[in-house]
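> Fold the following.
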Amino acid sequence: MKHKHQKNVQIQPTATIPVISKRGKIIIATGIGLVIVGFLILTKTNPQGDNWASIVSPFLLIGGYITIAIGIIS
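Numbers count the residues shown, from 1 in each chain. Here you go, the predicted structure:
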């Protein structure tokens, strides 16, 4: 009977998928909340764009998107 040679095959671990931490998820949820509030306030703007909602809503929207990006990175 012939013996087959068995080679020791080492399996290297595959690349791990980065997981968002609990802190990151909270930051992302906060950013989503800012974006939602920004869009809700955006509905209150007037066509001339000179009321308080026209001034505040862009800052909330951009701040919300930046907050989401920070949550994904952290």
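> Which element, helix or strand, includes residue 16?
Assessed by DSSP states H and E, residue 16 sits outside every helix and strand.
> ugh, wrong one, I meant residue 62
Per DSSP H and E, residue 62 falls inside helix 52-73.
> Centre of the chain to that helix, how far?
Here helix 52-73 is found 12 Å from its chain centre; the criterion is C-alpha atoms, centre = their mean, to the nearest Å.
> Pull out the buried positions in that helix.
Neighbour counts using 16 or more other C-beta atoms under 10 Å place 53-54, 56-57, 60-61, 64, 67-68, 71 of helix 52-73 among the buried residues. All C-beta atoms are positioned from the backbone trio N, CA, C, and that covers glycine.
> what does stretch 28-40 contact?
Under the criterion C-beta atoms under 8 Å, 6 or more residues apart in numbering, residues 20, 57-61, 63-72 lie in contact with stretch 28-40.
> try 7 Å
57, 60-61, 63-65, 67-68, 71-72 (C-beta atoms under 7 Å, 6 or more residues apart in numbering).
> same question, stretch 60-71
Contacts for stretch 60-71 (C-beta under 7 Å, 6+ apart): 24, 27-28, 30-32, 34-35, 37-38, 41.
> circling back: please convert the buried residues of helix 52-73 to TSV, extending it with distance to residue 45 and pLDDT.
Converted to TSV, the buried residues of helix 52-73 look like this (distance: C-beta to C-beta, whole Å; pLDDT from 0 to 100):
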residue	distance to residue 45	pLDDT
53	5	93
54	4	93
56	9	95
57	7	95
60	12	97
61	12	97
64	17	98
67	22	97
68	23	97
71	27	96
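> circling back to that earlier point, for the contacts of stretch 28-40, which one is nearest residue 9?
residue 72 (36.8 Å; C-beta to C-beta).
> OK, contacts around the closest one?
Here residue 72 is in contact with 20, 24, 28 (C-beta under 7 Å, 6+ apart).
> Does the last one belong to a helix, a strand or coil?
In this case it means residue 28. Following DSSP: H, G, I helix; E, B strand; the rest coil, we place residue 28 in the helix state.
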